[in-house]
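Peer 1: no sequence on this one, just coordinates:
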């Protein structure tokens, strides 16, 4: 990767991915384990006596998650903790952590696209433009789900496999990442190992020991790290998750989807207008070895995960860069015909429009974080805050609890006075303990609303054609871009309550 182009492409992706972080800086429950774990590693350190203060001790979850990802993230992103120390505001660390993760994903995407298109400049640029114009991958690239933490490693591994120069390294990294961070990555590893054997003539006597050794090494690393942090003997979190969700069938409690869900619902959402271009690229260039490899890996991964009853689009997020590479080939083919530039431009425009709308909707999806920020802004002095379940699931995190007492931490200068952030869930809650509450229900007796309830997204509503045309005429030509055929409908989500009556 010589010249200025890689840096320009990386800068564009970093700018887009970090914009998603800035527009929606709060986090949800899916991101909480990794986020809280990084906070605790930075705040309390990793000494044995510090582990009792970790958030996962009080809120362990249904199954344990690996600390390998948070430990790696905390190590790579430590400058964000320094920024937080310098400013005395822990919320800056959360923002810096997420922006750093997004930047790592952007860099891995550039490595990936140069592996797929080492000499083809136009498909490279089309890939970057398409990826930047979509919503899901840029939005989730800076979010601390285990899937997003694994994504840069997956992209590097797949790039090594596609280039075939260090294929064994890529195969080993992919298998190890699967058993440590996300076991569904075996759905990527299996077609990669089969391709190495069948298409690239790598002998089984090398591939089988490589895969087994990588998995054993990954499991050993996970057991070593996670047994220490979870304070339990021989703990392998992904193995526990496999037993709990698949063998015992508890994943069905989160919903069962038909086998076609990924093809008929998830991929159209993830790829938007890029989906028909990906199909075109796969069909037209299928005889090309790299194209066939991309279609094989992505297709087998989706097919294998379609056999499982519980499905989430995040499980196939890793295939988006593969589909986008195929779509870039399809768009490049369109450019060879008259009017092809209009087709490619239309694909990018449709994807960008969907992205803007989805990002605007997502910005209203974190009322808990907005409620806590308002509380910090309005309250001076000490406070004992009760945080209900919806608030904790929609934005409240340890990083955003900026007045949290971190007595053993040298990371953030101690705030005076300290607050107590209470997430106790109990129907017998003693309300006399609290000076403030974040509640999805109306404020209880003895409390009042500090401000109007925080709004959350209720639905996205399609405007009637007559109303849409009327709004266009009222806006005029200069402001027509502000008028959309859909509108975001919000509703009261979180009440910010303060005590007005002593017990």
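Peer 2: On my side now, so go ahead. These numbers come from a predicted model, not from an experiment. Numbering: from 1, shown residues only.
Peer 1: tally of neighbours for residue 247?
Peer 2: Each residue near residue 247 was counted by other CB atoms under 10 Å, and the total is 8. Backbone N, C-alpha and C define where each C-beta goes, glycine included.
Peer 1: so who does the residue nearest to residue 32 when sequence neighbours are not counted touch?
Peer 2: Using CB to CB, 6 or more residues apart in numbering and skipping the chain neighbours, the partner closest in space to residue 32 is residue 397 (6.8 Å). Remark: with contacts taken as CB atoms under 8 Å, 6 or more residues apart in numbering, residue 397 is in contact with 26, 27, 32, 35, 36, 39, 94, 369.
Peer 1: wait, isn't residue 25 in contact with residue 369?
Peer 2: Yes - Residue 25 lies in contact with residue 369 (CB atoms under 8 Å); the separation is 7.3 Å.
Peer 1: more neighbours: these two, which one.
Peer 2: Using other CB under 10 Å as the criterion, residue 25 and residue 369 rank with residue 369 on top: 24 against 19.
Peer 1: quick check: chain neighbours aside, which residue is closest to the more buried one?
Peer 2: The shortest distance from residue 369 to any non-neighbouring residue, by CB to CB, 6+ apart, is to residue 395 (2.4 Å).
Peer 1: what about the one you found, distance to residue 236?
Peer 2: 31 Å (CB to CB, to the nearest Å).
Peer 1: settle it for me: which of those two has more neighbours?
Peer 2: residue 395 (27 against 21).
Peer 1: distance of the more buried one from residue 456?
Peer 2: From residue 395 to residue 456 the distance is 10 Å (CB to CB).
Peer 1: which residues do those two both contact?
Peer 2: With CB under 8 Å, 6+ apart as the test, residue 395 and residue 456 both reach residue 367.
Peer 1: next, the contact list for residue 151, please.
Peer 2: 105, 108, 141, 317, 318.
Peer 1: would you mind measuring from it to residue 166?
Peer 2: 20 Å.
Peer 1: what about the strands in the chain?
Peer 2: 384-387, 420-422, 436-439, 447-449, 454-462, 486-499 (DSSP state E).
Peer 1: how many neighbours does residue 459 have?
Peer 2: 11.
Peer 1: let's see the pLDDT reported for the closest residue to it other than its chain neighbours.
Peer 2: Leaving aside its chain neighbours, residue 459 sits nearest to residue 489 (5.0 Å; criterion: CB to CB, 6+ apart). Residue 489 carries a pLDDT value of 87.
Peer 1: next up, the contacts around residue 489.
Peer 2: 457, 458, 459, 460, 461.
Peer 1: returning to that earlier point: would you agree the residue nearest to residue 369 is in contact with residue 28?
Peer 2: Yes - the pair formed by residue 395 and residue 28 meets the contact definition of CB under 8 Å, at 7.3 Å.
Peer 1: overlap of the contact sets of the two?
Peer 2: residue 366.
Peer 1: next, the buried residues of stretch 324-335.
Peer 2: Neighbour-count burial for stretch 324-335 flags 324, 325, 326, 327, 328, 329, 330, 331, 332, 333, 334 (criterion: 16 or more other CB atoms under 10 Å).
Peer 1: also stretch 494-503?
Peer 2: 494, 495, 496, 497, 498, 499.
Peer 1: end-to-end on it?
Peer 2: The straight-line separation of the ends of stretch 494-503 (CA to CA, to the nearest Å) is 24 Å.
Peer 1: report the mean per-residue pLDDT for that stretch.
Peer 2: For stretch 494-503, mean pLDDT rounds to 92.
Peer 1: returning to that earlier point: any chance of TSV for the buried residues of stretch 494-503, columns distance to residue 417?
Peer 2: Below are these laid out as TSV (distance: CB to CB, whole Å):
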residue	distance to residue 417
494	24
495	24
496	19
497	20
498	16
499	16
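Peer 1: nearest to residue 307 among these?
Peer 2: residue 494 (39.6 Å; CB to CB).
Peer 1: thought the closest one was touching residue 389?
Peer 2: No - shown here, residue 494 and residue 389 do not form a contact pair, counting by CB under 8 Å, at 11.2 Å.
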